[in-house]
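A.B. asks: With the sequence up front, the predicted model follows.
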Amino acid sequence: MRAHVTALLCTSFLMASCGQSDSPAENRGSDVPGSSTVTIDLSSAEGSALTRKKCINCHSLDRNIRKFGPSLKGIMGKKPSVSGLPYERWTEAAMDEWLKNPRAVKKNTRMSIPGISSPEERRQIISFLKHL
């Protein structure tokens, strides 16, 4: 079972790094005629590569997979799963402050990155998370 999960994760990662998705629905519009659903290709969305580079080691982009940190899928607008954070919801401003310096927000956080100093990189990651 573990080998199957590992193979599936590797396949998903390789497909994502090639700009392809393992979910056909992410790469095309809705199959329902007259549907107004807009589908975004997340592999080419702004901030996708940067988010994968900076966050994927500890966070999953799949709601059903939890790594060291919580899944980033649908995180924007949600209540933080970590206790002791001064945010009621993950807003753009809250996420920007957190990504800039997690230890300034919560001294004993498990999030080990020193922070992302570039405002442009933080903006791109937040843009991607809003569409995830």
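C.D. replies: Arrived safely, thanks for sending.
A.B. asks: Show me the domain layout of this structure.
C.D. replies: Using automatic domain parsing, the domains assigned to the chain come out as 1-28, 45-131.
A.B. asks: most neighbours per residue, which of those?
C.D. replies: Neighbour counts (mean count of other C-beta atoms under 10 Å) averaged over each of the domains of the chain peak at domain 45-131, with a mean of 15. To be clear about C-beta, it is placed using only N, CA and C from the backbone, and glycine gets the same treatment.
A.B. asks: Would you mind measuring the gap between the ends of it?
C.D. replies: Using C-alpha to C-alpha, to the nearest Å, the end-to-end distance of domain 45-131 comes out at 8 Å.
A.B. asks: Quick one: mean pLDDT over that domain.
C.D. replies: If you average the pLDDT over domain 45-131, you get 92.
A.B. asks: Can you show me the helices along the chain?
C.D. replies: Ranges of helices in the chain, per DSSP state H, are 2-17, 48-55, 92-100, 102-105, 119-131.
A.B. asks: who's in contact with the fourth one?
C.D. replies: Spelled out, that is helix 102-105. Outside of helix 102-105, the residues within contact range by C-beta atoms under 8 Å, 6 or more residues apart in numbering are 85-86, 97-98, 109, 111, 113-115.
A.B. asks: what's the closest of the residues you listed to residue 127?
C.D. replies: Sorting these by how near they are to residue 127, with C-beta to C-beta, puts residue 98 at the top with 15.3 Å.
A.B. asks: Spell out which residues sit in contact with that closest one, please.
C.D. replies: For residue 98, the contacting residues are 85, 87, 105, by C-beta under 8 Å, 6+ apart.
A.B. asks: what's the nearest residue to the second one if we skip its chain neighbours?
C.D. replies: It refers to residue 87. Among residues not flanking residue 87 along the chain, residue 94 sits closest, at 4.2 Å (C-beta to C-beta, 6 or more residues apart in numbering).
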